[in-house]
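Novice: Need the 3D shape of this:
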Amino acid sequence: MKVSIGMKLQHSPWGGGNQFGHAFAKYLRNRNHEVCFDLADKDIDIILLAEPRRDLRISAYSEYDIVRKIILGRSRALIVHRVNECDERKGTTDVNERLRQAAKCADAAVFVSNWLKDLHNAQGFPCRQQVVIHNGADRDICSSQGYRPWNGSEPLRLVTHHWSSHPMKGFHFYRYIDTLLDSGEFKGILEYTYIGNLPEGFSFTRARHLQPLYGLELAAALRHHHVYVTASQNEPGPNHQNEAACCGLPILYLQSGALPEYCEGFGIGFTETTFSEKLREMMATYHQYVEKMRHFPYTAQAMSMQYEKLFQSLLKRKKELLKNRQWIRRPLWLLRMLCGTGSSQR
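Specialist: Residues are numbered from 1 along each chain as shown. As a prediction, this is how the structure comes out:
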């Protein structure tokens, strides 16, 4: 099987989509499948549309490029659209519509959470062949080996990491944690590290700030702490907490977006008003959660296996799926795609 992954992979600290691309490509190659990151080859079996917004650095091609490949290049590749984004995550207004436009040519769509699937379907997502495959962290990198649990007498070390500096990543919560370090009941018994980019003008008073880390260096930094905190809002299919969980850290997570879907049973959820209460609960039940972390299911290996099975099942139905393509019978839409016009070229 030859799979084209529509990403320009970055080899430095980057977002969760980039980690997906690296892990999935490694898995496919280990399974003796061929992997490419463009549409040049004539014998591609599966085209994975991972990021249709060509203005983003990580995007390799859009649905426009795919349709040209199918029509002008006479390709019989199947098209799978991986959906991992939404307007709700950063307060934008055009992303959901952009993804719906891109999905019109897809033979199947993969959503990275049930929360995201429900959100897009409520807004009229066009591709009806849908599955949910949760993101996962690469255990070859994010391993709990070397993680030393909290002993109850030393300060409890909290940690967060994000690539994005967008305020909806939860910086009002992270500032609140910063204030806890120097006041009230948590003074002297709590430490906090933030790894990643900060919003312009934002700074911590007592918390430790590290620049973005990547790969084994990031995993080592996470393992140096005891509990992971994420207050990111409306996350569609987050991977940052997966990386921490695979390193052995129980999770304190905001009950928002897909975070509960990924974290339930492996940490404690909090709301806008209950962080201190849930932090106390974590300190009281910490060791119960440490024991559970070895069973955390969201790994890159499990994720990649599900993609592989999906692709193989689609290829078994290839004749049927090609016959059922509706967009091939829409000449005006096809003309717009081939000419590269229309708002979805953004």
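Novice: Pop the domain breakdown of the chain in here.
Specialist: Here the domain parsing of the chain from automatic domain parsing is 2-136+300-345, 156-295.
Novice: Show the average pLDDT along the longest one.
Specialist: Spelled out, it's domain 2-136+300-345. Computed over domain 2-136+300-345, the mean pLDDT rounds to 93.
Novice: follow-up on the earlier one: G146 is nearest to which of the domains of the chain?
Specialist: domain 156-295 (5.3 Å; CB to CB). (Each C-beta comes from the backbone N, C-alpha and C, glycine too.)
Novice: Return the residue of this protein that is most distant from the centre.
Specialist: No residue in the chain sits farther from the centre than G184, which is 35.9 Å out by CA atoms, centre = their mean.
Novice: got a pLDDT number for that one?
Specialist: For G184, the model assigns a pLDDT of 86.
Novice: What distance do you get for it to H134?
Specialist: Here the criterion is CB to CB, to the nearest Å. By it, G184 lies 37 Å from H134.
Novice: again, but for V95
Specialist: Distance, V95 to H134, by CB to CB: 20 Å.
Novice: The two - which one has more neighbours?
Specialist: H134 (21 against 16; other CB atoms under 10 Å).
Novice: before we move on, what SS does the more buried one have?
Specialist: Put simply, H134 is coil when judged by DSSP: H, G, I helix; E, B strand; the rest coil.
Novice: I'd like the distance between the residue farthest from the centre of the chain and L279.
Specialist: Counting by CB to CB, the gap from G184 to L279 is 12 Å.
Novice: got it, and N32?
Specialist: Relative to L279, and taking CB to CB, N32 is found at 47 Å.
Novice: swap in I251?
Specialist: Noted for I251: a distance of 12 Å to L279, by CB to CB.
Novice: Tell me which of those two has more neighbours.
Specialist: I251 (26 against 22).
Novice: Run through the helices of the protein in chain order.
Specialist: 16-30, 63-72, 95-102, 114-122, 171-180, 215-223, 240-246, 259-263, 275-292, 300-316, 318-323, 331-339 (DSSP state H).
Novice: re earlier: which one of the domains of the chain lies closest to S143?
Specialist: Nearest of those to S143, taken as CB to CB: domain 156-295 at 6.8 Å.
Novice: end-to-end on that closest one?
Specialist: By CA to CA, to the nearest Å, the extent of domain 156-295 from end to end equals 23 Å.
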